[in-house]
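**Q** this one's structure only:
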(Lines give C-alpha, C1' and ligand atoms only; values in the text may rest on other atoms or scores of the structure.)
Protein backbone atom coordinates (compact mmCIF):
# COMPACT_ATOMS: atom_id res chain seq x y z
CA UNK A 1 0.00 0.00 0.00
CA UNK A 2 1.22 3.52 -0.67
CA UNK A 3 2.22 6.33 1.63
CA UNK A 4 -0.13 9.31 2.02
CA UNK A 5 0.92 12.80 3.12
CA UNK A 6 -0.96 15.87 4.28
CA UNK A 7 1.65 18.43 3.29
CA UNK A 8 4.78 18.85 1.25
CA UNK A 9 7.06 20.29 3.93
CA UNK A 10 7.76 19.14 7.52
CA UNK A 11 9.62 22.33 8.42
CA UNK A 12 6.82 24.15 10.26
CA UNK A 13 7.40 24.70 13.96
CA UNK A 14 5.02 23.64 16.72
CA UNK A 15 5.04 27.35 17.63
CA UNK A 16 2.49 27.73 14.84
CA UNK A 17 0.00 25.55 16.68
CA UNK A 18 -2.97 27.32 18.32
CA UNK A 19 -2.28 28.76 21.76
CA UNK A 20 -4.83 26.39 23.32
CA UNK A 21 -2.97 23.38 21.98
CA UNK A 22 0.46 24.70 22.97
CA UNK A 23 -0.65 25.46 26.52
CA UNK A 24 -2.23 22.00 26.90
CA UNK A 25 0.95 20.31 25.66
CA UNK A 26 3.09 22.41 28.00
CA UNK A 27 0.91 21.63 31.03
CA UNK A 28 0.78 17.89 30.30
CA UNK A 29 4.56 17.77 29.76
CA UNK A 30 5.26 19.61 33.02
CA UNK A 31 2.77 17.48 34.95
CA UNK A 32 4.28 14.18 33.86
CA UNK A 33 7.77 15.59 34.44
CA UNK A 34 6.79 16.46 38.01
CA UNK A 35 5.19 13.04 38.57
CA UNK A 36 8.26 11.11 37.39
CA UNK A 37 10.56 10.67 40.37
CA UNK A 38 14.32 10.24 40.08
CA UNK A 39 14.09 6.88 41.86
CA UNK A 40 12.00 5.48 38.99
CA UNK A 41 8.60 5.70 40.70
CA UNK A 42 5.53 7.79 39.85
CA UNK A 43 3.83 10.26 42.17
CA UNK A 44 0.32 8.89 41.73
CA UNK A 45 -1.18 11.33 44.23
CA UNK A 46 0.04 14.29 42.21
CA UNK A 47 -1.30 12.78 39.00
CA UNK A 48 -4.71 12.15 40.57
CA UNK A 49 -5.15 15.88 41.22
CA UNK A 50 -4.81 16.78 37.54
CA UNK A 51 -5.94 13.65 35.67
CA UNK A 52 -9.56 14.68 35.21
CA UNK A 53 -11.92 11.74 34.81
CA UNK A 54 -15.22 11.22 32.98
CA UNK A 55 -17.98 9.03 34.37
CA UNK A 56 -19.66 6.38 32.26
CA UNK A 57 -23.07 7.25 30.78
CA UNK A 58 -24.94 3.93 30.63
CA UNK A 59 -28.49 5.25 31.00
CA UNK A 60 -28.47 8.05 28.45
CA UNK A 61 -26.31 8.83 25.41
CA UNK A 62 -23.85 11.70 25.59
CA UNK A 63 -22.80 13.12 22.24
CA UNK A 64 -24.53 10.22 20.55
CA UNK A 65 -22.77 7.45 22.50
CA UNK A 66 -23.63 5.46 25.62
CA UNK A 67 -20.81 4.11 27.79
CA UNK A 68 -20.46 1.51 30.52
CA UNK A 69 -17.58 -0.07 32.42
CA UNK A 70 -17.13 -3.86 32.45
CA UNK A 71 -14.77 -5.77 34.74
CA UNK A 72 -12.54 -8.52 33.35
CA UNK A 73 -10.41 -9.26 36.43
CA UNK A 74 -11.00 -7.25 39.61
CA UNK A 75 -7.83 -8.61 41.27
CA UNK A 76 -5.67 -6.59 38.86
CA UNK A 77 -8.16 -3.81 38.13
CA UNK A 78 -8.52 -5.01 34.55
CA UNK A 79 -11.63 -3.48 33.01
CA UNK A 80 -12.73 -1.72 29.88
CA UNK A 81 -15.03 1.13 28.98
CA UNK A 82 -17.58 0.17 26.33
CA UNK A 83 -18.67 2.84 23.84
CA UNK A 84 -21.81 2.15 21.79
CA UNK A 85 -23.22 4.65 19.28
CA UNK A 86 -26.89 5.22 20.01
CA UNK A 87 -27.98 5.94 16.44
CA UNK A 88 -27.00 2.64 14.82
CA UNK A 89 -29.16 -0.47 14.66
CA UNK A 90 -27.03 -2.44 12.19
CA UNK A 91 -24.01 -4.66 12.79
CA UNK A 92 -20.90 -2.70 13.76
CA UNK A 93 -17.18 -3.48 13.83
CA UNK A 94 -15.43 -3.64 17.19
CA UNK A 95 -12.38 -1.48 17.94
CA UNK A 96 -10.26 -2.56 20.92
CA UNK A 97 -8.36 0.56 21.94
CA UNK A 98 -5.29 1.00 24.15
CA UNK A 99 -4.64 4.51 25.45
CA UNK A 100 -1.28 6.26 25.44
CA UNK A 101 0.69 7.60 28.39
CA UNK A 102 4.10 5.96 28.16
CA UNK A 103 2.83 2.77 29.85
CA UNK A 104 2.82 4.80 33.08
CA UNK A 105 -0.03 7.31 32.94
CA UNK A 106 -3.74 7.85 32.21
CA UNK A 107 -6.78 5.58 31.87
CA UNK A 108 -9.86 4.96 29.69
CA UNK A 109 -11.84 7.34 31.91
CA UNK A 110 -9.26 10.12 31.58
CA UNK A 111 -11.28 12.99 30.10
CA UNK A 112 -9.29 13.21 26.85
CA UNK A 113 -9.45 9.47 26.13
CA UNK A 114 -13.12 9.21 26.98
CA UNK A 115 -13.71 11.97 24.43
CA UNK A 116 -11.45 10.32 21.82
CA UNK A 117 -13.11 6.91 22.06
CA UNK A 118 -16.56 8.48 22.09
CA UNK A 119 -15.66 10.26 18.86
CA UNK A 120 -14.30 7.05 17.30
CA UNK A 121 -17.51 5.22 18.19
CA UNK A 122 -19.66 7.95 16.67
CA UNK A 123 -17.53 8.69 13.60
CA UNK A 124 -16.60 5.21 12.33
CA UNK A 125 -19.25 4.10 13.62
CA UNK A 126 -18.10 1.20 15.79
CA UNK A 127 -18.39 -0.42 19.18
CA UNK A 128 -15.24 0.73 20.97
CA UNK A 129 -13.61 -1.08 23.89
CA UNK A 130 -11.06 1.05 25.76
CA UNK A 131 -8.83 -1.13 27.95
CA UNK A 132 -7.67 -0.22 31.45
CA UNK A 133 -4.34 -2.06 31.60
CA UNK A 134 -1.88 -2.04 34.49
CA UNK A 135 0.69 0.77 34.60
CA UNK A 136 4.45 0.82 35.03
CA UNK A 137 6.67 1.03 36.99
CA UNK A 138 4.43 -0.79 39.49
CA UNK A 139 3.63 -3.30 36.76
CA UNK A 140 6.26 -3.51 34.06
CA UNK A 141 6.72 -5.65 30.96
CA UNK A 142 4.85 -7.81 30.03
CA UNK A 143 1.86 -6.90 32.23
CA UNK A 144 0.31 -4.53 29.69
CA UNK A 145 0.54 -7.11 26.90
CA UNK A 146 -0.91 -9.79 29.18
CA UNK A 147 -3.85 -7.54 30.03
CA UNK A 148 -4.51 -6.72 26.39
CA UNK A 149 -4.54 -10.35 25.31
CA UNK A 150 -6.73 -11.30 28.27
CA UNK A 151 -9.33 -8.77 27.20
CA UNK A 152 -9.45 -10.41 23.75
CA UNK A 153 -9.82 -13.82 25.42
CA UNK A 154 -12.62 -12.45 27.59
CA UNK A 155 -14.44 -11.11 24.53
CA UNK A 156 -13.98 -14.42 22.70
CA UNK A 157 -15.37 -16.38 25.65
CA UNK A 158 -18.07 -13.86 26.59
CA UNK A 159 -19.38 -12.29 23.36
CA UNK A 160 -22.75 -11.76 25.07
CA UNK A 161 -21.08 -9.12 27.24
CA UNK A 162 -21.31 -6.85 24.19
CA UNK A 163 -24.49 -5.60 22.53
CA UNK A 164 -25.94 -7.73 19.73
CA UNK A 165 -24.80 -5.27 17.06
CA UNK A 166 -21.11 -5.80 17.93
CA UNK A 167 -19.47 -7.94 15.24
CA UNK A 168 -16.32 -9.46 16.77
CA UNK A 169 -15.42 -11.05 13.44
CA UNK A 170 -14.64 -7.49 12.34
CA UNK A 171 -12.26 -6.66 15.18
CA UNK A 172 -9.69 -3.87 14.96
CA UNK A 173 -6.82 -3.34 17.39
CA UNK A 174 -5.98 0.31 17.94
CA UNK A 175 -3.92 2.58 20.13
CA UNK A 176 -1.90 5.74 20.28
CA UNK A 177 1.70 6.14 21.47
CA UNK A 178 2.39 3.45 24.11
CA UNK A 179 -1.10 2.13 23.43
CA UNK A 180 -0.12 1.51 19.80
CA UNK A 181 2.94 -0.39 21.06
CA UNK A 182 0.61 -2.52 23.20
CA UNK A 183 -1.77 -3.07 20.28
CA UNK A 184 1.13 -4.35 18.16
CA UNK A 185 2.32 -6.84 20.75
CA UNK A 186 -1.23 -7.98 21.51
CA UNK A 187 -1.67 -8.63 17.78
CA UNK A 188 1.49 -10.77 17.76
CA UNK A 189 0.24 -12.76 20.74
CA UNK A 190 -3.28 -13.02 19.33
CA UNK A 191 -1.90 -14.59 16.14
CA UNK A 192 -0.81 -17.56 18.27
CA UNK A 193 -4.28 -18.04 19.77
CA UNK A 194 -7.21 -20.05 18.43
CA UNK A 195 -10.07 -17.62 18.89
CA UNK A 196 -13.57 -18.82 18.10
CA UNK A 197 -15.32 -15.47 17.72
CA UNK A 198 -12.73 -12.67 17.76
CA UNK A 199 -10.99 -12.06 14.44
CA UNK A 200 -8.55 -9.11 14.26
CA UNK A 201 -8.66 -7.82 10.69
CA UNK A 202 -7.04 -4.42 11.11
CA UNK A 203 -4.48 -2.47 13.14
CA UNK A 204 -4.84 1.29 13.75
CA UNK A 205 -1.43 2.48 14.94
CA UNK A 206 -1.45 6.17 15.90
CA UNK A 207 2.04 7.61 16.47
CA UNK A 208 3.30 4.35 18.06
CA UNK A 209 5.87 4.45 20.84
CA UNK A 210 8.89 2.43 19.70
CA UNK A 211 12.57 3.02 20.30
CA UNK A 212 16.08 1.61 20.48
CA UNK A 213 19.60 2.30 21.64
CA UNK A 214 20.29 4.31 18.51
CA UNK A 215 19.51 8.01 18.58
CA UNK A 216 17.60 8.74 15.40
CA UNK A 217 17.71 11.93 13.39
CA UNK A 218 14.20 12.94 14.52
CA UNK A 219 14.98 12.33 18.20
CA UNK A 220 18.03 14.60 17.96
CA UNK A 221 16.40 17.24 15.76
CA UNK A 222 13.29 17.46 17.96
CA UNK A 223 14.95 16.97 21.36
CA UNK A 224 12.95 19.85 22.85
CA UNK A 225 9.55 18.62 21.71
CA UNK A 226 6.69 18.26 24.21
CA UNK A 227 5.71 14.93 25.78
CA UNK A 228 8.25 12.60 24.14
CA UNK A 229 11.69 14.16 24.35
CA UNK A 230 14.59 11.71 24.71
CA UNK A 231 14.88 12.45 28.45
CA UNK A 232 11.23 11.56 28.98
CA UNK A 233 11.18 8.47 26.79
CA UNK A 234 14.41 7.12 28.31
CA UNK A 235 12.75 7.28 31.74
CA UNK A 236 9.59 5.60 30.47
CA UNK A 237 11.47 2.75 28.80
CA UNK A 238 13.52 2.16 31.97
CA UNK A 239 10.32 2.07 34.04
CA UNK A 240 8.67 -0.40 31.67
CA UNK A 241 11.35 -2.82 30.44
CA UNK A 242 12.82 -5.67 32.54
CA UNK A 243 15.69 -4.66 34.80
CA UNK A 244 18.99 -4.74 32.93
CA UNK A 245 17.37 -4.52 29.50
CA UNK A 246 18.41 -2.05 26.83
CA UNK A 247 16.05 -0.20 24.53
CA UNK A 248 16.84 -2.84 21.90
CA UNK A 249 14.56 -5.20 23.81
CA UNK A 250 11.94 -6.72 21.49
CA UNK A 251 9.20 -4.73 23.22
CA UNK A 252 10.76 -1.41 22.21
CA UNK A 253 12.77 -2.01 19.04
CA UNK A 254 10.29 -4.26 17.27
CA UNK A 255 12.26 -4.36 14.04
CA UNK A 256 15.69 -4.42 15.69
CA UNK A 257 18.27 -7.09 16.56
CA UNK A 258 15.93 -8.94 18.94
CA UNK A 259 12.80 -8.65 16.80
CA UNK A 260 10.16 -11.35 16.77
CA UNK A 261 9.75 -12.86 13.30
CA UNK A 262 6.16 -12.16 12.26
CA UNK A 263 6.54 -13.20 8.62
CA UNK A 264 4.59 -16.41 9.15
CA UNK A 265 1.95 -14.90 11.41
CA UNK A 266 -1.56 -13.80 10.51
CA UNK A 267 -0.85 -10.19 11.41
CA UNK A 268 -3.64 -7.70 10.61
CA UNK A 269 -3.45 -5.10 7.85
CA UNK A 270 -2.11 -1.91 9.42
CA UNK A 271 -2.36 1.84 9.05
CA UNK A 272 0.37 3.88 10.77
CA UNK A 273 -0.13 7.58 11.52
CA UNK A 274 2.97 9.76 11.88
CA UNK A 275 3.48 13.39 12.89
CA UNK A 276 6.38 15.23 11.25
CA UNK A 277 7.22 17.09 14.48
CA UNK A 278 7.15 13.94 16.60
CA UNK A 279 10.60 12.82 17.87
CA UNK A 280 9.38 9.22 17.46
CA UNK A 281 8.77 9.82 13.74
CA UNK A 282 11.75 7.79 12.48
CA UNK A 283 10.90 4.78 14.66
CA UNK A 284 7.32 4.88 13.39
CA UNK A 285 8.43 4.93 9.76
CA UNK A 286 10.78 2.03 10.42
CA UNK A 287 7.94 0.09 12.00
CA UNK A 288 5.88 0.46 8.83
CA UNK A 289 8.84 -0.54 6.67
CA UNK A 290 9.52 -3.58 8.87
CA UNK A 291 5.90 -4.70 8.57
CA UNK A 292 6.17 -4.52 4.79
CA UNK A 293 9.49 -6.39 4.75
CA UNK A 294 7.78 -9.04 6.89
CA UNK A 295 5.19 -9.49 4.15
CA UNK A 296 2.38 -7.55 5.85
CA UNK A 297 0.12 -4.88 4.40
CA UNK A 298 0.94 -1.50 5.93
CA UNK A 299 0.00 2.03 4.95
CA UNK A 300 1.82 5.13 6.24
CA UNK A 301 -0.10 8.38 6.61
CA UNK A 302 1.94 11.43 7.54
CA UNK A 303 0.93 14.79 8.95
CA UNK A 304 4.23 16.66 8.54
CA UNK A 305 3.36 19.70 10.67
CA UNK A 306 1.87 17.80 13.61
CA UNK A 307 3.33 17.02 17.05
CA UNK A 308 2.96 13.89 19.17
CA UNK A 309 -0.65 13.35 20.34
CA UNK A 310 -2.02 16.01 17.97
CA UNK A 311 -5.20 14.09 17.30
CA UNK A 312 -6.54 14.47 20.84
CA UNK A 313 -6.90 18.22 20.23
CA UNK A 314 -10.21 18.80 18.38
CA UNK A 315 -9.29 22.40 17.56
CA UNK A 316 -6.74 21.10 15.02
CA UNK A 317 -8.15 20.39 11.51
CA UNK A 318 -5.67 17.51 11.22
CA UNK A 319 -7.36 15.84 14.18
CA UNK A 320 -10.63 15.56 12.31
CA UNK A 321 -8.74 14.39 9.23
CA UNK A 322 -7.24 11.52 11.21
CA UNK A 323 -10.66 10.41 12.45
CA UNK A 324 -11.86 10.48 8.85
CA UNK A 325 -8.85 8.39 7.73
CA UNK A 326 -9.59 5.83 10.45
CA UNK A 327 -13.23 5.68 9.37
CA UNK A 328 -12.18 5.01 5.77
CA UNK A 329 -9.67 2.33 6.83
CA UNK A 330 -12.24 0.48 8.95
CA UNK A 331 -14.84 0.67 6.18
CA UNK A 332 -12.37 -0.65 3.58
CA UNK A 333 -11.19 -3.54 5.74
CA UNK A 334 -14.74 -4.44 6.81
CA UNK A 335 -15.89 -4.62 3.19
CA UNK A 336 -13.15 -7.19 2.45
CA UNK A 337 -14.05 -9.48 5.36
CA UNK A 338 -14.96 -12.97 4.25
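**A** In hand now; what should we look at? No experiment lies behind these values; they were computed from the predicted model shown.
**Q** quick one: contacts for residue 320?
**A** residue 314 (Cβ atoms under 8 Å, 6 or more residues apart in numbering). Any C-beta I mention is one placed from the backbone N, CA and C, and that applies to glycine too.
**Q** tell me how far it lies from residue 273.
**A** According to Cβ to Cβ, to the nearest Å, residue 320 and residue 273 sit 13 Å apart.
**Q** do the same with residue 131
**A** 19 Å.
**Q** in stretch 240-255, which residues are buried?
**A** By 16 or more other Cβ atoms under 10 Å, the buried positions in stretch 240-255 come out as 240-241, 245, 247-255.
**Q** TSV for those, including pLDDT, secondary structure and distance to residue 218?
**A** What follows is the buried residues of stretch 240-255, written out as TSV (pLDDT from 0 to 100; DSSP: H, G, I helix; E, B strand; the rest coil; distance: Cβ to Cβ, whole Å):
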residue	pLDDT	secondary structure	distance to residue 218
240	98	helix	21
241	98	coil	21
245	98	coil	23
247	98	coil	15
248	98	coil	18
249	98	coil	20
250	98	coil	22
251	98	coil	20
252	98	coil	16
253	98	coil	15
254	98	coil	17
255	97	coil	16
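**Q** find the nearest non-adjacent residue to residue 277, please.
**A** Leaving aside its sequence neighbours, residue 277 sits nearest to residue 307 (Cβ to Cβ, 6 or more residues apart in numbering; 4.7 Å).
**Q** just confirm that neighbour is within a strand.
**A** No: looking at residue 307 with DSSP: H, G, I helix; E, B strand; the rest coil, it is coil, so not inside a strand.
**Q** looks like it contacts residue 16 (just checking).
**A** No: Residue 307 lies out of contact with residue 16 (Cβ atoms under 8 Å); the separation is 10.6 Å.
**Q** tell me what the strand or helix carrying residue 231 is packed against?
**A** Assigned by DSSP states H and E, residue 231 belongs to helix 230-240. If contacts are counted by 3 or more Cβ pairs under 8 Å, 6 or more residues apart in numbering; DSSP states H and E, helix 230-240 sits against helix 19-35.
**Q** I'd like to know which elements the helix it packs on is packed against.
**A** So helix 19-35, by 3+ Cβ pairs under 8 Å, 6+ apart, packs with helix 44-50, helix 230-240.
**Q** for residue 248, what are phi and psi?
**A** phi -90, psi 10 (degrees, to the nearest 10).
**Q** including distance to residue 118, could the helices and strands packed on helix 19-35 go into TSV?
**A** Below are the helices and strands packed on helix 19-35 laid out as TSV (distance: least, Cβ to Cβ, whole Å):
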stretch	distance to residue 118
helix 44-50	21
helix 230-240	27
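**Q** between residue 307 and residue 16, who's got more neighbours?
**A** Neighbour count, other Cβ atoms under 10 Å: between residue 307 and residue 16, residue 307 has more, with 25 against 9.
**Q** list the contacts for the more buried one?
**A** With Cβ under 8 Å, 6+ apart, residue 307 has these contacts: 14, 17, 25, 225-227, 275, 277-278.
**Q** tell me the least confident of those residues?
**A** For the contacts of residue 307, the model is least confident at residue 14; its pLDDT is 71.
**Q** hmm, that residue is touching residue 227, no?
**A** No: between residue 14 and residue 227 there is no contact under Cβ under 8 Å: 10.7 Å.
**Q** which neighbours do those two have in common?
**A** In contact with both residue 14 and residue 227: 25, 307, using Cβ under 8 Å, 6+ apart.
**Q** in contact with residue 93, which residues?
**A** 124, 126-127, 167, 170-172, 330, 334.
**Q** which phi and psi does the residue positioned nearest the centre of the chain have?
**A** When Cα atoms, centre = their mean is applied to the chain, the residue found nearest the centroid is residue 175 (1.8 Å). Dihedral pair for residue 175: phi -180, psi 160, per degrees, to the nearest 10.
**Q** noted, bye for now.
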